[in-house]
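sequence and computational prediction follow.
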Amino acid sequence: MKTEMAAIEIRNLTYKYQNAEAPVLQNLNLTIEKGEFALVFGPSGCGKTTLCRCLNGLIPHFYGGELEGEIFVDGLNVRETPPAKLASHVGLIFQNPENQLFSFNVERDVAFGLENLGVPPEEIRKRVDWSLELVGISDLKDRAPWELSGGQQQKAAIACVLAMQPSILVFDEPTSFLDPLTARGIFDVIARLRRELNLTVIVVEHRLEALAAHASRLILMDRGKIVLNGEPRKILAEAAERLSLKVGVPSIVLLHRRLSKLGILKDLTPLTTSEMAAQLRGVLTRD
Amino acid sequence: MIKLENVGYVYPGGVKALRGVSLTIGEKGSLAIMGRSGAGKTTLIKHLNGLLKPTSGKVTVDGVDTRKATVAQLSRKVGIVFQNPDHQLFAETVEEEIAFPLKNFGFPQDEIKTRTEWVLELFNLTRYRHHSPLSLSGGEKKRVAMASVVSWKPKYLVLDEPTLGQDRENKLRLRELFEEFMGEGRTIIMVTHDVEFTAECGFNVALLVDGKVSALGSAQEILSNVELLKEASLAAPQMAELFLELEGVGAQPVFTVEEAERLILSRLMAGAEKP
Ligand SMILES: Nc1ncnc2c1ncn2[C@@H]1O[C@H](COP(=O)(O)OP(=O)(O)OP(=O)(O)O)[C@@H](O)[C@H]1O
Ligand SMILES: Nc1ncnc2c1ncn2[C@@H]1O[C@H](COP(=O)(O)OP(=O)(O)O)[C@@H](O)[C@H]1O
Ligand SMILES: [Mg+2]
Ligand SMILES: [Mg+2]
């Protein structure tokens, strides 16, 4: 049954992997509205990937284990919806791109999901070309995945998911294999798609520098729980205040905090170097 | 010293991944190799322990031509941690994964035990010692892969994307380890896209563009040169970018929050003293 509701609605989610001793997610609650760009961060091993797997149905349909609570994605109850059906609503780009590529060439990998959905051949052609072009790897379409560099594999994995045109995109540490300018370029594209098509975007990332400015919301996880959740500037300021030894806080945010404590800066926590530069110019040129 | 002399490498399929790389490593400290996806970084480091042999040119490790030694022999000196940890992990438990190379290199039993405990603790893995490496998170797998090489203390420690999946605390520990190793005369060679981490570590930087070294210098020089960085698809660290935007504030490139704070305070004082 499909009802009009938030893009993601998670209630009291507790999850334990098969044969594991303790649950990895504990009583987690989260609502993400349609059209949001949520940036999720948190220490290594805190459950970020596990949360992603709950959104596209890998958990529980593939991993099994013990799941309590409710997960709704695009109005669909994940527990009751087959993963193949979920795939046209939500696309997950895996942390390890290799696990997303299994055929003998990039083009076939990108077409695979569409063929499974029974999309007509001309439409497949169009979407494959479109998504390869968007991530900038049209020239690699005939290569085998094992003949690609790490970053090229990551771009191919992103193309696979974009081709499905889901309304919710979930990226699990997408910039880990990408150079900074390529990562910037891809996220400029994603941000544009989000505006044009009203997509919901969820990104797990340690390096907040590159993505904080795109985010409508920041979510900090720790030990299977959501510990901070809200407006990006507010969350960054809070993380800088008490968590900077645990999670990476962008250096402009750390500098801003120091200078604010000294009473030098008074404006909001900056998200970009340009914003920070403007604030500093204000005090440096004042007489 | 590891010496690459005009090294070229062509993959069997015909891709020219390296096009004449000349580089001497281990003379003047540790090195970060950076550059665009597909520039040839991983291909380059696979030459350091003989896993790939150059199709032209020559690689020597402390004078030994990599064509004339086995990977096993070279590995004792040159330990490589690969980009994708899944390619490296195979044992049933984390503990066995770490102990395996130590056994292979013939370390005595008690030494194996001491070193295993040391790296388990260092990489925050003690609570997973009896877990299967396959059941770990991405960042944890990467740490197991690093632990199982760091344990034998190679003279040259080569890491492909060491900060992959790592949080702040683990990055700080990694930096401390690098300092310890360098203090013992070892050399770290890391491939990374993490400009912030490279700036923090203060390694020398080699930029790789289309299979060639386009620039080589200190982190200070390279990571503040916007033109060079752009060609290698990199961005300057945030503090450097900030001061480039604030043209005229500070003559030297700024990399740390502490330096930045000092500089701004001194500017404000100087301004206040003006008549
Ligand atoms: N096994 C292989 N067979 C054929 N070509 C390959 C193979 N591995 C890499 N290549 C190609 O060689 C070039 C260099 O790849 P390499 O993996 O060294 O890049 P890299 O600099 O490490 O990139 P990244 O930052 O994305 O990991 C690329 O064009 C890549 O597609
Ligand atoms: N397939 C699995 N089976 C059992 N435990 C797992 C599995 N995948 C991850 N874990 C464990 O669950 C915890 C959370 O992992 P994960 O969600 O991957 O963390 P991260 O926040 O780094 O993405 C970790 O302690 C990890 O070891
Ligand atoms: Mg993860
Ligand atoms: Mg690589």
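Yep, that arrived. Ligands and ions are numbered 1, 2, ... in the order given.

closest residue of the stretch 151-287 of chain A to ligand 1?
Going by Cβ to the nearest ligand atom, ligand 1 is nearest to residue A:151 of the stretch 151-287 of chain A, at 2.6 Å. In short, each C-beta sits where N, CA and C put it, glycine included.

so that residue is in which element?
Using DSSP states H and E, residue A:151 sits in helix A:150-163.

contacts for whichever helix or strand comes after that helix next, please.
Once the chain leaves helix A:150-163, the next helix or strand it forms, by DSSP H and E, is strand A:168-172. Strand A:168-172 is contacted by residues A:7-8, A:48-49, A:52, A:55-56, A:73-74, A:89-95, A:158, A:161-162, A:190, A:199-205, B:138 when judged by Cβ atoms under 8 Å, 6 or more residues apart in numbering or on different chains.

does strand A:168-172 reach ligand 3?
No. Under the criterion of Cβ under 5 Å from the ion, strand A:168-172 makes no contact with ligand 3; the nearest approach is 5.8 Å.

tell me the strands beside that strand, with direction?
strand A:90-93 (parallel), strand A:200-204 (parallel) (DSSP bridges).

in JSON lines: the ones you listed, plus mean pLDDT and distance to residue B:48.
Below are those laid out as JSON lines (pLDDT from 0 to 100; distance: least, Cβ to Cβ, whole Å):
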{"stretch": "strand A:90-93", "mean pLDDT": "95", "distance to residue B:48": "31"}
{"stretch": "strand A:200-204", "mean pLDDT": "97", "distance to residue B:48": "32"}
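
nearest to ligand 4, of those strands?
strand A:90-93 (18.0 Å; Cβ to the ion).

circling back: tell me, how many residues neighbour the residue of the stretch 151-287 of chain A closest to ligand 1?
Around residue A:151 there are 27 other residues, counting by other Cβ atoms under 10 Å in any protein chain shown.

quick one, the host helix or strand of residue B:158 and helix A:150-163 angle?
In the assignment (DSSP H and E), residue B:158 maps to strand B:156-160. Here strand B:156-160 runs at an angle of 10 degrees relative to helix A:150-163 (axes from the mean of the first three to the mean of the last three Cα atoms, to 10 degrees).

please name every helix or strand in contact with strand B:156-160.
Applying 3 or more Cβ pairs under 8 Å, 6 or more residues apart in numbering or on different chains; DSSP states H and E, one finds that strand B:156-160 contacts helix B:41-45, strand B:78-81, helix B:138-150, strand B:187-191.

tell me which residues in that strand are buried?
B:156-160 (16 or more other Cβ atoms under 10 Å in any protein chain shown).

on that earlier part again, relative to ligand 4, which of the helices and strands packed on strand B:156-160 is closest?
helix B:41-45 (3.2 Å).

my read: residue B:49 touches residue B:71, true?
Yes. Applying Cβ atoms under 8 Å as the test, residue B:49 and residue B:71 come out as touching, 5.8 Å apart.

these two: which is more packed in?
residue B:49 (26 against 14).

who's in contact with that one?
Here residue B:49 is in contact with B:61, B:66, B:71, B:74-75, B:78-80, B:158 (Cβ under 8 Å, 6+ apart).

so what's the residue count around residue 194?
All of this is about chain A. Using other Cβ under 10 Å: residue A:194 sits among 19 other residues.

that answer is for a different chain, and I need it for chain B
Neighbours of residue B:194 using other Cβ under 10 Å come to 25.

check residue A:205 too.
23.

kindly report the same for residue A:18.
10.

which stretch of helix or strand covers it?
Residue-wise, residue A:18 maps onto no helix or strand under DSSP H and E.

what about residue B:28, distance to residue B:182?
To residue B:182, residue B:28 is 12 Å away according to Cβ to Cβ, to the nearest Å.

circling back: what's the most distant pair in the buried residues of strand B:156-160?
Across the buried residues of strand B:156-160, the longest distance by Cβ to Cβ is 13.5 Å; it joins B:156 and B:160.

could you list which of the contacts of strand A:168-172 also contact ligand 3?
A:48-49, A:95, B:138.

closest to residue A:136 among those residues?
residue A:95 (21.0 Å).

now do the residue of the stretch 51-200 of chain B found nearest ligand 2: how many residues are near it, please.
Closest residue of the stretch 51-200 of chain B to ligand 2, Cβ to the nearest ligand atom: residue B:137 (3.0 Å). When neighbours are counted by other Cβ under 10 Å, residue B:137 registers 20.

OK, contacts around the residue lying closest to residue A:149 once chain neighbours are set aside?
Excluding its sequence neighbours, the residue lying closest to residue A:149 (Cβ to Cβ, 6 or more residues apart in numbering or on different chains) is residue B:38, at 4.5 Å. For residue B:38, the contacting residues are A:148-149, A:151-152, by Cβ under 8 Å, 6+ apart.
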